[in-house]
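Engineer: Have a look; sequence and predicted model below, questions after that.
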Amino acid sequence: MTEAGAKTPRERYRAQVRMEVKEHAWEQIATAGASALSLNAIAKRMGMSGPALYRYFAGRDELITELVTDAYRSLADTFRAASGAGPDVVALGHALRGWALADPQRYLLIYGTPVPGYHAPDDVTAISSEILATLLDACATLSPDTPATPPTPLDAHLETHRDWAAGHPAPPAALRRALAFWTRLHGVLSLELAGHFRGMGIDPAQLFAAELDELSRPD
C-alpha cells in the first residue's frame, strides 16, 4: 500500500488543506513579499475563519518554515540530479540558474532579503548544508589538496572559519572556490531577478555563463 493510501481520510484532508494554504501563501509572497504574509488573509481567501486555519498552521513562522523547507529541498534535489554523472561545477551552476528562473519567488524567499523576525530552525539549515556539500564536492575535484602557491589571507581565514562548510573536508582552495561560486553567481541571479540588467542592455545569461566559466577552471 502506498503512503497516500495508508492515510486516513482526515489525514488526507489535512494534507490537502495545508497544500492549499501554501499555494495561497506563494501568491501573497509574489504580490506583496514574504514580510506581508498573513494567515488571516489566506483564511479569508479560502472561506475559513482565522482560528480554523490555525488548526493547520500554528502561526506565520510555521508556514514560512514549510515554504523555506520546500524551497531548500527542491534545490537540494535539483543539485543532486545535476550531479548524477559526477560532481560538476558547471552543471550545478546551470541547474541553479534554471531553478531560480523557474520560480523567482521561491528563490528570493531563501536567498533574498530575510523576513523580519523570522529565524529558520536547525532542520532547515541542515538542508542548506546538504546543498553546500554537493557544491563543495564539485569544487574539490578542481582544487588540489596542496595549493601550488602560498595561501592568501582569505585561504588562512577560511581554514579557521569552516563552520559554514558543516564538517566537509574540502581543502582551503575548494572552500574559496565554493564561496566564490555562491557569492558571484547569486549576485548575478539576484540582480537579474530584480531587473537591474534590463536598463544596462546586458544579457544576464552571457554574464552568468562567463562567471561560471571562470569559476570552473582548474587550479
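Structural biologist: That came in fine, so what should we check first?
Engineer: Count the neighbours of Ala205 for me.
Structural biologist: Look at Ala205: counted by other Cβ atoms under 10 Å, it has 13 neighbours. C-beta: built from backbone N, CA, C; applies to glycine.
Engineer: nearest residue to it other than its sequence neighbours?
Structural biologist: Distances taken as Cβ to Cβ, 6 or more residues apart in numbering place Arg97 nearest to Ala205, at 8.0 Å, with adjacent residues excluded.
Engineer: Rounded mean pLDDT for the one helix or strand Leu101 maps to, please.
Structural biologist: Per DSSP states H and E, Leu101 falls inside helix 89-102. Within the predicted structure, the mean pLDDT of helix 89-102 is 97.
Engineer: Can you tell me what sits against whichever helix or strand comes after that helix?
Structural biologist: Downstream of helix 89-102, the first helix or strand assigned by DSSP H and E is helix 104-111. Contact with helix 104-111 is made by 26, 29-30, 34, 67-68, 70-72, 74-75, 99-100, 115, 128, 186, 189-190, 193, as judged by Cβ atoms under 8 Å, 6 or more residues apart in numbering.
Engineer: Contacts only, for the residue nearest the centre of the chain.
Structural biologist: Nearest to the mean C-alpha position of the chain, by Cα atoms, centre = their mean, lies Tyr72 at 4.6 Å. Applying Cβ under 8 Å, 6+ apart to Tyr72 gives the contacts Ile110, Val124, Ile127, Ser128, Ile131.
Engineer: repeat that with 10 Å
Structural biologist: For Tyr72, the contacting residues are Arg106, Leu109, Ile110, Ala120, Val124, Thr125, Ala126, Ile127, Ser128, Ser129, Glu130, Ile131, by Cβ atoms under 10 Å, 6 or more residues apart in numbering.
Engineer: Gly167 now?
Structural biologist: Applying Cβ under 10 Å, 6+ apart, we find Gly167 in contact with Ser129, Ala133.
Engineer: how much space between it and Asp88?
Structural biologist: 22 Å (Cβ to Cβ, to the nearest Å).
Engineer: Could you list the low-pLDDT ranges of the protein?
Structural biologist: Counting by pLDDT under 70, the chain contains low-confidence ranges at 1-5, 144-149.
Engineer: which residues of it fall in helices?
Structural biologist: Remark: helices assigned in the chain by DSSP state H are 3-6, 9-32, 39-45, 50-53, 60-82, 89-102, 104-111, 122-140, 153-160, 172-193, 204-215.
Engineer: Mind giving me the ChimeraX command for buried ones among the contacts of helix 104-111?
Structural biologist: Here is the ChimeraX command that selects the buried residues among the contacts of helix 104-111 (16 or more other Cβ atoms under 10 Å):
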select :26,29,34,67,68,70,71,72,74,75,99,100,115,128,189,190,193
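Engineer: and which of the contacts of Tyr72 is nearest Ala6?
Structural biologist: Ile127 (25.2 Å; Cβ to Cβ).
Engineer: Touching, that closest one and Arg80? I think so.
Structural biologist: No - using Cβ atoms under 10 Å, Ile127 and Arg80 do not qualify as a contacting pair, with a distance of 11.6 Å.
Engineer: Between these two, point out the one with more neighbours.
Structural biologist: Ile127 (19 against 13).
Engineer: mind checking how far the nearest residue to Glu211 once chain neighbours are set aside is from Glu62?
Structural biologist: Once flanking residues are discounted, Glu211 sits nearest to Arg184: 5.2 Å by Cβ to Cβ, 6+ apart. Distance, Arg184 to Glu62, by Cβ to Cβ: 34 Å.
Engineer: Cool, thanks, signing off.
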